[in-house]
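>>> Build me a structure from this.
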Amino acid sequence: MAATAVGATVVAADAAGAPVAPPALGGGGSPASPAAAAAGVVSADADSELLSPSGDATASTAPPPAATYVVTLLAEEPLPTPFLAGLHELLNARGAGVRRITQLARQPLRAMEVVVALPATGAADGDGADDNGSGGGGNGGGDGGARVAADTSSPAVVDLRKALYRYCRASAVDMALQADTVYRRAKRLVVMDMDSTLIRQEVIDELARHAGVYDAVREITDTAMEGGMDFNESLRQRVALLAGTPADAFDKVIANLVYTDGASVLCGSLHQLGVRLAVISGGFTTVASHVRRELGLDYDYANTLEVGADGAFTGRTVGPVVNSQRKADLLVAIADAEGIPMDQVVAIGDGANDLQMLSVAGLGLAFNAKPAVQDAATFVLNQGSLASVLYLLGYSEGEQEALAARLPSPADAAAVATATAATAATAATAAAAQGGGGAHPPAGAPPAVPGAVGGPLPSEL
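Down below sits the predicted model:
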């Protein structure tokens with residue numbers, strides 16, 4: 001039996017066509033236990049190639065008609081045989097038959113996709129759904145089954161997702177269950193939070209350092225991000241503490257920004273794929289605009305701090321507050337203006353004020369989020385690099401490397417940053433002084449979002 005490379009679909013039997021039990025995916029390279037082999041578990045050690053499981057044995061688990069779903073698994077350590085055996089038992093107990101397994105990456109992150117078929121809860125669609133190009137039967141129950149539409153909101157799928165989440169979380173494995181459709185890879189809009197998502201800091205906390213009120217502001221921030229305080233009230237209290245602080249504190253904050261690992265790779269890779277990118281932040285426009293320019297995003301929306309005639313913060317904001325509801329409204333407005341359906345929208349955030357935005361997107365990811373947010377979110381990702389999001393979109397290690405190879409070199413990026421630093425600083429200072437901005441659509445593009453040119457979206461949104 002031949003081994004398959006990373007990114008290849010698992011399909012094999014022995015020379016006579018009989019099912020072949022796989023070895024273990026974990027450390028040590030030892031063969032799978034009889035129980036694991038009987039379960040049809042995929043396995044290989046960290047340095048070996050992924051061997052295929054029994055296609056026949058797993059494909060017969062769920063009878064047609066069925067809808068197919070993709071379970072993506074991400075882990076920092078090899079997935080041991082007992083974990084995979086338990087995973088198979090969990091899937092089988094809920095009628096989810098394994099159709100195929102694909103190893104997306106082995107180093108430094110372990111990533112694999114498990115395509116499963118669930119018995120349909122509705123009628124088949126007769127002549128079959130449009131081929132989604134997923135490379136293995138599309139969204140139609142796999143080999144020979146009648147094709148039906150996947151429904152991620154059905155009780156059976158919701159139950160499966162919750163069970164998988166609990167099971168994987170206990171082993172520090174990230175999991176996402178999505179419908180196996182073309183839209184999973186064909187995302188067209190990715191909207192991201194800024195503070196503690198695209199960047200590692202909370203900007204208002206950094207401003208508070210310069211104002212000498214860090215401890216007081218940080219306490220309010222922690223309470224708000226856990227959902228323990230209304231965001232509008234928390235923002236009002238924190239901004240009031242900044243009154244009298246020179247607005248050039250923004251320059252110091254920007255000079256010390258630390259981007260989340262993988263942020264530039266994720267944004268650069270998605271841009272190559274034609275994806276529109278936006279940052280929608282409960283932070284401030286001066287920094288959000290800078291981040292938009294640095295990462296090559298298409299839109300930025302955030303709150304605006306009012307600056308007085310003396311060049312200091314007044315302790316108030318200008319315009320509508322970018323809270324949880326407004327974040328969701330802005331996401332929908334951008335998608336509508338760009339003609340992008342929600343199935344092709346991704347939202348990424350970490351705080352309680354991101355939950356509504358995450359809930360309306362086709363794929364809403366709680367990234368290294370606060371515990372209360374993880375408990376409330378549908379999709380959770382606890383990885384060090386934002387680039388790991390690409391695995392959830394179905395891109396293998398090799399595909400990601402090909403995209404990364406086309407990104408500007410660090411030297412080229414540094415040269416561009418140096419050439420535009422003065423212009424960016426001037427724009428940031430002007431935005432703070434004018435108390436405006438709040439929204440920056442793509443340069444040269446039509447006003448895709450109502451009210452986007454020259455100011456924030458209408459307050460009625």
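>>> Could you tell me how many residues sit around Gly394?
20 (other Cβ atoms under 10 Å). No exception for glycine: its C-beta is placed from N, CA and C like everyone else's.
>>> tell me the SS of it?
coil (DSSP: H, G, I helix; E, B strand; the rest coil).
>>> Excluding chain neighbours, what is closest to it?
Using Cβ to Cβ, 6 or more residues apart in numbering and skipping the chain neighbours, the partner closest in space to Gly394 is Arg185 (4.4 Å).
>>> what sits against the one you found?
Leu393, Gly394, Tyr395 (Cβ atoms under 8 Å, 6 or more residues apart in numbering).
>>> I'd like the average pLDDT over the helix or strand that contains Ile334.
Using DSSP states H and E, Ile334 maps to helix 324-338. Across helix 324-338, pLDDT averages out at 97.
>>> That one: which residues count as buried?
Residues of helix 324-338 classed as buried by neighbour count (16 or more other Cβ atoms under 10 Å): 324, 326-335, 337-338.
>>> measure Glu401 to Asp151 for me?
Noted for Glu401: a distance of 35 Å to Asp151, by Cβ to Cβ, to the nearest Å.
>>> Comparing the two, which residue is more hemmed in?
Asp151 (17 against 11).
>>> all strands for the stretch 151-300 of the chain, in order.
174-179, 189-192, 276-284, 299-307 (DSSP state E, counting those that start in this stretch).
>>> For this protein, which residues score under the pLDDT cut-off?
Within the chain, the set of residues satisfying pLDDT under 70 comprises 1-64, 121-147, 409-461.
>>> what do you get if the cut-off is 50, keeping everything else the same?
1-6, 8-62, 122-144, 416-418, 420-421, 423-425, 427-428, 430-437, 442-461 (pLDDT under 50).
>>> Domain-wise, how is it divided?
With domains defined by automatic domain parsing, the chain comprises 3-184, 190-434.
>>> thinking again about what came up before, tabulate the contacts of Arg185 (TSV), appending distance to Lys252.
Converted to TSV, those look like this (distance: Cβ to Cβ, whole Å):
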residue	distance to Lys252
Leu393	36
Gly394	41
Tyr395	37
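>>> what are the bridge partners for Pro119, then?
Ala66 (DSSP bridges).
>>> from what I can see it touches Thr68, true?
No - judged on Cβ atoms under 8 Å, Pro119 makes no contact with Thr68 at a distance of 11.4 Å.
>>> who has more neighbours, these two?
Comparing Pro119 with Thr68 by other Cβ under 10 Å, the one with more neighbours is Thr68, at 29 against 18.
>>> and the next element down the chain from the helix or strand where that one lies?
Thr68 is part of strand 66-75, with elements assigned from DSSP H and E. Using DSSP H and E, the helix or strand that follows strand 66-75 towards the C-terminus is helix 81-93.
>>> next SSE after that next one?
strand 97-105.
>>> helices or strands up against that following strand?
When contacts are defined as 3 or more Cβ pairs under 8 Å, 6 or more residues apart in numbering; DSSP states H and E, strand 97-105 packs onto helix 55-59, strand 66-75, helix 81-93, strand 110-119.
>>> which one of those lies closest to Ser289?
strand 66-75 (32.1 Å; Cβ to Cβ).
>>> and the residue nearest to Gly394, backbone torsions?
phi -90, psi -20 (degrees, to the nearest 10).
>>> and it, how far is that from Tyr165?
22 Å.
>>> Same question for Ala347.
18 Å.
>>> and what of Val157?
Taking Cβ to Cβ, one finds Val157 at 12 Å from Tyr165.
>>> before we move on, what about Gln400?
25 Å.
>>> and if you look at Thr314?
Taking Cβ to Cβ, one finds Thr314 at 45 Å from Tyr165.
>>> With Val191 instead?
The spacing between Val191 and Tyr165, counted by Cβ to Cβ, is 23 Å.
>>> One more: Leu330?
Taking Cβ to Cβ, one finds Leu330 at 28 Å from Tyr165.
>>> do the same with Asp310
Taken as Cβ to Cβ, the span from Asp310 to Tyr165 is 52 Å.
>>> More neighbours: which of those two?
Shown here are Asp310 and Tyr165; by other Cβ under 10 Å, Tyr165 has more neighbours (20 against 10).
>>> pretty sure that one is in contact with Val380, am I right?
Yes - at 7.3 Å, Tyr165 counts as touching Val380 under the criterion of Cβ under 8 Å.
>>> for the residue lying closest to Leu295 once chain neighbours are set aside, what are its contacts?
Excluding the flanking residues, the one nearest Leu295 by Cβ to Cβ, 6+ apart is Cys267, at 4.5 Å. Applying Cβ under 8 Å, 6+ apart, one finds that Cys267 lies in contact with Leu277, Leu295, Gly296, Leu297.
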